[in-house]
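After the sequence you'll find the predicted model.
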Amino acid sequence: MFWLKEIRDRFLGDDTLKRLKLKLLSLMKVSESPAGFGIMAAIGLGAILLFHAIPSSSGLTVPPQKHSIIEQADIAADSGMEEAQPAETESDLADLTPTIDETYSLRRNETLIGLLKRANIPTAEAHEAVNALGKVVNLRRLQRGQEIRLSRSAGNGRHLEALRLRDSFDEEALLAADEGGFVATRVPVPTLSLSHLVEGQITDSLYLSAQRAGLPTAVIVDLIRLMSFDVDFEREIRVGDRFQVYFERRYAPDFHDLEEGRILHVKLELQKRTLEASYYEDEHGQQDYFDPDGNSTRRTLMKTPLDVTVVTSSYGRRKHPVLGYTRQHTGVDFRARTGTPIMAAGDGVVERASRYGGYGNYIRIRHNSTYKTAYAHLSKYGKGIKAGARVKQGQIIGYAGATGRVTAAHLHYEVLVNGKQANPMTLKLPTGRTLKGETLVAFKSRQRNLTADIAQIQMQQQYLQSAGMNAAHSSQSR
């Protein structure tokens, strides 16, 4: 079992490493900008990782993001420091064999057995390794590009000593040579918890402006969904409006990659009003987003059930683009390319998911005894969407298209109140939970902490920008 213990110690870190990371991160703020994160992380965490002797690591690097903002870093929650482990015995050290570390990627239609053979691992060992690994990993789900890290002996036999296979952001499988074969286990991937702030001004659409400001696509989608409860994307989003998004992300130093987390706080400064929403989990574990007064920002239905900011046909009378005569338009048309995901406006049960005359591919959802929503001209339906299926708010139920009586791809969206069509954009919908008492006091305390964190990041960003400008001016003067 020595190799399994060695591989754990070597790749997952020990108490000394944890203490060094914690001490370092308490002394610095981390930035993804070249002047911040690239330098401080390469010097600090890179030194720690080198101290920990990972041969394949040449220092901590993160691809820079355009318009990136200062990050605050914190070590992922540790349950506490354990007592120091006994020193390795002489017999343990005698078992330590020089190894060669290599990384391979699965090719198209290649199996793990095939990869190990390509790496010149003896056939018998390859089969034994795969059999052991199959007990902790679903090998059938491995896809092209999956990285496999191998450690093998440097001698003539080049026997497989250890293998790492990371099949999720949070976990990986470790395989180690043992007496008579191999042993495999699953272990957590060490991560750093980061908080990231992105701010910007709307120059065309919210989506494109946020993308240019450096906001990751996954976070933009969450932002759209979160604000879709209260924002009329047809009339309220204007050039010159501003946005601010403060969100979580996790960094895996050993793999040099990031995973986006939840939005912590969002602020939209529109022409006529300012909207804010903050994430909060109360003492009972209930999670939601609330405005500064403690009112839930969620509504029974979303105003805009897809990721767009242009409404092509408002509710009311219009000249039908195909039939050529004026008729009452019973909903809102959202311009959307074929294949754009459509989300359920609220929790409910699918009443219909089928072809429906001029509506083309059509979905109608019953949310409660009062409200229903309908979605028309879809190119196809989402997975599992059929009559009787239960759906959650924000779940993808279909994809925009041009089926039925239409001239171009779009989504036709209707809200029915007691069986009659209503204007989705002006409909007043019931709000969710309102925080009160001690829960409201705790929420506002957290709000103040969030505001202070954001203000600190903004000050640090201004300092870096000022320092950069001064450095550039000094360089030009010389």
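Thanks, I have it. Numbers count the residues shown, from 1 in each chain.

Residue 128 is in contact with residue 183, isn't it?
No. Checked against CB atoms under 8 Å, the pair residue 128 and residue 183 is beyond contact range at 10.7 Å. Using the backbone N, CA and C atoms, a C-beta is placed for each residue, glycine as well.

Low-confidence ranges, the chain, go.
The chain contains residues with pLDDT under 70 at 1-97, 156-157, 232-235, 307-330, 469-478.

Could I get the buried residue list for the longest strand anywhere in the chain?
As assigned by DSSP state E, the longest strand anywhere in the chain is strand 257-269. For strand 257-269, the neighbour count (16 or more other CB atoms under 10 Å) marks 258, 260, 261, 263, 264, 265, 266, 267, 268 as buried.

So what are the sheet partners of it and their directions?
Note on strand 257-269: by DSSP bridges, its sheet partners are strand 242-252 (antiparallel), strand 274-281 (antiparallel).

quick one: the strands in the stretch 351-478 of the chain?
Listed in chain order, the strands of the stretch 351-478 of the chain (DSSP state E, counting those that start in this stretch) span 361-366, 371-381, 390-391, 396-400, 410-417, 420-422.

cool, and the stretch 51-200 of the chain?
Going by DSSP E, counting those that start in this stretch, the stretch 51-200 of the chain shows strands at 70-75, 99-105, 147-153, 160-165, 171-178, 181-188, 192-201.

closest one to residue 456 among those strands?
strand 70-75 (7.8 Å; CB to CB).

For the spatially closest residue to residue 362 that is not a sequence neighbour, grab phi and psi.
Leaving out its chain neighbours, the residue that sits closest to residue 362 by CB to CB, 6 or more residues apart in numbering is residue 356, at 3.7 Å. Main-chain dihedrals, residue 356, degrees, to the nearest 10: phi -150, psi 80.

Help me confirm that residue 356 comes into contact with residue 376.
Yes. Counting by CB under 8 Å, residue 356 does reach residue 376; the two are 7.3 Å apart.

before we move on, the earlier item: out of the strands of the stretch 351-478 of the chain, which gets nearest to residue 230?
strand 410-417 (15.3 Å).

Endpoints of stretch 205-217, how far apart?
14 Å (CA to CA, to the nearest Å).

any idea how far that stretch is from the chain center?
Taking CA atoms, centre = their mean, to the nearest Å, the mean C-alpha location of stretch 205-217 is offset from the chain mean by 15 Å.

ok, now stretch 363-383?
That offset, for stretch 363-383, works out to 27 Å (CA atoms, centre = their mean).

Could you export that stretch as CSV, CA atoms only?
What follows is stretch 363-383 as a C-alpha-only set of coordinates in CSV (Å, rounded to 0.1, in the frame of the first residue of the first chain):
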residue,chain,number,x,y,z
ILE,A,363,-45.7,23.4,-25.1
ARG,A,364,-48.3,24.5,-22.6
ILE,A,365,-47.5,24.3,-18.8
ARG,A,366,-50.0,24.5,-16.0
HIS,A,367,-48.4,26.2,-13.0
ASN,A,368,-51.3,26.3,-10.6
SER,A,369,-55.1,26.8,-10.7
THR,A,370,-54.6,30.4,-12.0
TYR,A,371,-51.6,30.5,-14.3
LYS,A,372,-50.5,28.7,-17.5
THR,A,373,-47.8,29.5,-20.0
ALA,A,374,-47.4,28.5,-23.6
TYR,A,375,-44.3,28.3,-25.9
ALA,A,376,-44.7,28.1,-29.7
HIS,A,377,-42.7,27.6,-32.9
LEU,A,378,-40.1,25.3,-31.2
SER,A,379,-37.5,23.5,-33.3
LYS,A,380,-37.6,20.6,-30.8
TYR,A,381,-38.5,19.6,-27.3
GLY,A,382,-36.3,19.2,-24.3
LYS,A,383,-35.3,15.9,-22.8
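
Would you mark the buried spots in it?
Buried, per 16+ other CB under 10 Å, within stretch 363-383: 363-365, 367, 371-379, 381-382.

Now the two most distant members of the residues you listed.
Maximum distance among those (CB to CB): 25.4 Å, for 371 and 379.

Out of the buried residues of stretch 363-383, which comes closest to residue 449?
Using CB to CB, the buried residues of stretch 363-383 come closest to residue 449 at residue 367, 35.7 Å.

what ranges do the helices span in the protein?
Along the chain, counting by DSSP state H, helices occupy 2-12, 15-27, 37-51, 90-95, 112-118, 123-133, 206-212, 217-227, 437-477.

my guess is residue 282 contacts residue 446, does it?
No. Using CB under 8 Å, residue 282 makes no contact with residue 446, being 10.3 Å away.

Are there residues contacting both of residue 356 and residue 376? Which ones?
Jointly contacting residue 356 and residue 376 under the rule CB atoms under 8 Å, 6 or more residues apart in numbering are 362, 404.

Return the distance of residue 240 relative to residue 276.
19 Å (CB to CB, to the nearest Å).

more neighbours, those two?
residue 276 (17 against 10; other CB atoms under 10 Å).

Leaving out sequence neighbours, find the closest residue to that one.
Nearest residue to residue 276 in three dimensions, chain neighbours excluded: residue 267, at 4.9 Å (CB to CB, 6+ apart).
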